[in-house]
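>>> This is the structure alone, sequence omitted:
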């Protein structure tokens, strides 16, 4: 047990490094905040309840994609009875902005930006080209 | 219960025969069903097109069908012809129907530029070779569809298509699109694309963009299997050509000469 000092010092160092973000925030008097999302102003309710969209928007997008492309279905009846066109650019992006909504949360959570944008156009790109 | 080796072998043999018999019956049954549906049942809907080359010839140099398609589907234009993306394009009539050609073919017809597009075949070879089912023949209307999400860019379909109706995105197409159409996605580098008979417009109750844009009404679109439709009646009363029908692909673009 001659290495006791080293082992204990190493443990402290390890715990200190792992909890570094906490100490840093405490010492610098900063508070980490969740991402500041810009919520749509033109609609009050999304196509599904917020709790569902928060956890399962990717599943909904995949379902829409499968239904439109492979099953030739184009209308989505929402939980509140409203009928939406199953369109990513035409429906989702009418309310949500890529930079201020999708990207902010994805960057905060460290989730790789999905490849939606390789093909699907965002409104700013469209206005840029129309200029 | 005691069982001898001989009995055991007999029972297992009988089981094997029963199992294989069941499989064989299922195969025979499905074959019989298919025949029954094709001979007595309702004929499957198959969307197709008639290209009236005589009307098309009236407006030589017109590219309105191509322009409309390019605008509707965000088709890029590349300086390098090897990168070209084609959904509907034009070729001289003589090139398209070289097997019908005689040395007496009118030079004006031989050189007449004729619109060419995906044939939406009855038996599409591109669909047979696609390893990811990114392209398939749609049951309800016979369109050979594409799912660009699913395409892995292996280009087997391009090798299989005898009509050259498929194009590959060698480079990112987006910077090469002149006027972006916000209602249709662009494609990305590494996927294959082709004409889908404007499935997105059909879903909205519209005609394909090329059909709508043709000022001579030289493109007639509809269900070729419906004898009451305009295209069905036209096909019944006129002699038409198809590109390379001898290959057995069952092309559904008909050329009226």
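Yep, that arrived. Nothing here was measured: the structure is a model prediction, and the numbers come from that model. Numbering: from 1, shown residues only, chains lettered A, B, ... in the order given.
>>> Would you map out the domains in chain A?
A:1-32, A:50-130 (automatic domain parsing).
>>> pLDDT score assigned to the nearest residue to residue B:155 once chain neighbours are set aside?
Among residues not flanking residue B:155 along the chain, residue B:168 sits closest, at 5.6 Å (Cβ to Cβ, 6 or more residues apart in numbering or on different chains). Yep, even glycine has a C-beta here, placed from its N, CA and C like the rest. The model reports residue B:168 with a pLDDT of 97.
>>> how much space between residue B:168 and residue B:249?
20 Å (Cβ to Cβ, to the nearest Å).
>>> can you redo the domains of chain A as a markdown table with mean neighbour count?
Shown next, in a markdown table, are the domains of chain A (neighbours: other Cβ atoms under 10 Å in any protein chain shown):
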| stretch | mean neighbour count |
| --- | --- |
| domain A:1-32 | 9 |
| domain A:50-130 | 14 |
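>>> got TSV for those domains, with mean pLDDT and distance to residue B:101 too?
Output for these, formatted as TSV (pLDDT from 0 to 100; distance: least, Cβ to Cβ, whole Å):
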stretch	mean pLDDT	distance to residue B:101
domain A:1-32	89	75
domain A:50-130	88	40
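>>> closest to chain B out of those?
For chain B, the closest of the domains of chain A is domain A:50-130, at 3.9 Å, according to Cβ to the nearest Cβ.
>>> C-terminal to the helix or strand harbouring residue A:25, what's the next element?
Residue A:25 belongs to helix A:20-28 when elements are defined using DSSP states H and E. Once the chain leaves helix A:20-28, the next helix or strand it forms, by DSSP H and E, is helix A:50-65.
>>> for that following helix, the distance to its chain's centre please.
Counting by Cα atoms, centre = their mean, to the nearest Å, helix A:50-65 is centred 11 Å from the centre of its parent chain.
>>> For chain B, what lies in contact range of chain A?
B:136, B:138, B:140, B:145, B:147-149, B:177, B:179-180, B:182-183, B:185-188, B:199, B:203 (Cβ under 8 Å from any Cβ of the partner chain).
>>> Select from the residues you listed every entry located in strands.
If you go by DSSP state E, the residues of chain B next to chain A have B:136, B:145 in strands.
>>> Make sure residue B:225 is actually in contact with residue B:231.
No. Judged on Cβ atoms under 8 Å, residue B:225 makes no contact with residue B:231 at a distance of 9.7 Å.
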